[in-house]
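*Asks:* show me the folded form of this:
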Amino acid sequence: EDIKKEIIEDYLEHFKQYNELLNFIVACRFTQDRKKSFLYLNAPSDWGKSFIMGIFKKLEAGLEIEYEDLMSGRATGLNALNVLESLALFLDEFTTFKKELKKLTHTIFIEEKFKSKIEVEVYAKILMSAEKSPSFSGTVEKQIANRVIMFNMYEDNQKTLPEREVFKK
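*Replies:* Purely as a prediction, here's the structure:
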C-alpha cells in the first residue's frame, strides 16, 4: 500500500492536470451535448501519453482507435460493446483535426466483421501527440477551438516518465 501511494503521489506530481482529465472524462460521459468532448494532450516523447492510455485500457474504460480506419467505413476490429462501455477513446499520434473528426461528436458507426453496421455513442475523445499539431498552431480555426480543450505538457519543462526516480524504482 505504501508503494502504491508513493507511485500515485509521484504520478500526480508529474501530471498535475490528471484530476482535470478525470473530471473532463466524467463530464463527457454525463453531458447531453458532447460537441466539446475533445481533449488534445500535447506532450514530449516518453512523457507518459501511452502510460495514461494504458491505465484506461487496463481498467477497460478506454480504447485506442485508429482514426483513418474508423472514418473509412471499413471493418475496424472494434467491438461495439467495448466502444459503448469506454469512457474515453484515445487517438494516439494525432496529427490534424480533419473535418471528419467533427462528426465524431456523439456517435460513430462500427462495422464488426460479419455483422451489420451499428451506431454507437462515444464520450471523451483524447487526441495525443508529441509534435505540435498544425491544427493548433498559429491561428486556430474557430470551430476547432470551440470543441477542444488543450493540455500542453511542454510548458512545464519537466522530466519524462522514465527519468522520474519512482518510475525507475
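
*Asks:* tell me the secondary structure for the residue nearest to the spatial centre of the chain?
*Replies:* Note on the chain: the residue nearest the mean C-alpha position is residue 126, at 2.1 Å, using Cα atoms, centre = their mean. Recorded secondary structure, residue 126: strand (DSSP: H, G, I helix; E, B strand; the rest coil).

*Asks:* and residue 129, how far is that from residue 45?
*Replies:* As judged by Cβ to Cβ, to the nearest Å, residue 129 and residue 45 stand 10 Å apart. C-betas here are computed from N, CA, C, even on glycine.

*Asks:* related to what we said a few turns ago, contacts only, for the residue nearest to the centre of the chain.
*Replies:* 38-39, 41, 53, 62, 88-91 (Cβ atoms under 8 Å, 6 or more residues apart in numbering).

*Asks:* mind listing which of those are in helices?
*Replies:* When DSSP state H defines the helices, the subset of the contacts of residue 126 inside them is residue 53.

*Asks:* pick out the most distant pair among the contacts of residue 126.
*Replies:* Greatest spatial distance among the contacts of residue 126 (Cβ to Cβ): 38 and 53, at 15.5 Å.

*Asks:* please say which of the two ends up with more neighbours.
*Replies:* Comparing residue 38 with residue 53 by other Cβ atoms under 10 Å, the one with more neighbours is residue 38, at 24 against 20.

*Asks:* model confidence score at the nearest residue to the more buried one once chain neighbours are set aside, please.
*Replies:* In this structure, residue 38 finds its nearest non-sequential neighbour in residue 148, 4.4 Å apart by Cβ to Cβ, 6 or more residues apart in numbering. pLDDT recorded at residue 148 is 90.

*Asks:* cool, thanks, talk later.
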